[in-house]
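Colleague: Turn this into a structure:
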Amino acid sequence: MRVSFKETVHIVAVSALITIPVCLILPVILLWVFVGFWWALGYLVAFPMMFLLAWNYMRLFMKFVGTCNFISPKNKKKIKALRKLRYSIFSRLDSMIG
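Modeller: Prediction:
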């Protein structure tokens with residue numbers, strides 16, 4: 001493994017180990033002080049769910065961008081070739097199966 005890659009991984013890991021607790025603890029304390037205990041508790045409970053929502057949103061957005069790139073007009077020839085290839089594979093499989 002290259003040294004620069006290891007350093008990047010370590011920097012990202014340390015950054016995540018610092019920012020995630022800060023983003024969790026600081027708002028909980030501020031909410032508890034200024035709004036009340038129940039709002040702080042609600043934020044504390046909702047925080048992991050917000051991570052899951054953000055993760056799924058990012059994953060679906062990346063799929064959407066990939067789909068848009070795939071069906072762009074500049075890829076029409078490639079799509080046509082892939083469609084022909086898929087149909088030929090299906091027809092070969094059909095002839096092999098029976």
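Colleague: Run through the helices of the chain in chain order.
Modeller: For the chain, the helices defined by DSSP state H occupy 3-34, 37-70, 76-97.
Colleague: what's the angle between the last one and helix 37-70?
Modeller: Going back to what we said before, that points to helix 76-97. Here helix 76-97 runs at an angle of 90 degrees relative to helix 37-70 (axes from the mean of the first three to the mean of the last three C-alpha atoms, to 10 degrees).
Colleague: for the chain, what are the low-confidence residue spans?
Modeller: For the chain, residues meeting the criterion pLDDT under 70 lie at 1-6.
Colleague: Let's check: the centremost residue of it is which one?
Modeller: Nearest residue to the geometric centre of the chain (C-alpha atoms, centre = their mean): Arg59, 3.2 Å.
Colleague: And that one, how far from Leu53?
Modeller: Using C-beta to C-beta, to the nearest Å, Arg59 is found at 11 Å from Leu53. Where C-beta positions appear, they are placed from N, C-alpha and C, glycine not excepted.
Colleague: Repeat that for Leu60.
Modeller: Distance from Leu60 to Leu53, by C-beta to C-beta: 11 Å.
Colleague: outside of stretch 77-90, which residues touch it?
Modeller: Stretch 77-90 has contacts (C-beta atoms under 8 Å, 6 or more residues apart in numbering) with 70-71.
Colleague: now stretch 80-89, how far from the centre of its chain.
Modeller: 30 Å (C-alpha atoms, centre = their mean, to the nearest Å).
Colleague: could I get it in CSV with only the CA atoms?
Modeller: Taking Å, rounded to 0.1, in the frame of the first residue of the first chain, the C-alpha atoms of stretch 80-89 are listed here in CSV:
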residue,chain,number,x,y,z
LYS,A,80,-27.4,-0.1,-28.9
ALA,A,81,-24.3,-2.4,-29.0
LEU,A,82,-25.0,-3.5,-25.4
ARG,A,83,-28.6,-4.2,-26.2
LYS,A,84,-27.6,-6.3,-29.2
LEU,A,85,-25.1,-8.2,-27.0
ARG,A,86,-27.8,-8.8,-24.4
TYR,A,87,-30.2,-10.1,-26.9
SER,A,88,-27.6,-12.4,-28.4
ILE,A,89,-26.7,-13.8,-25.0
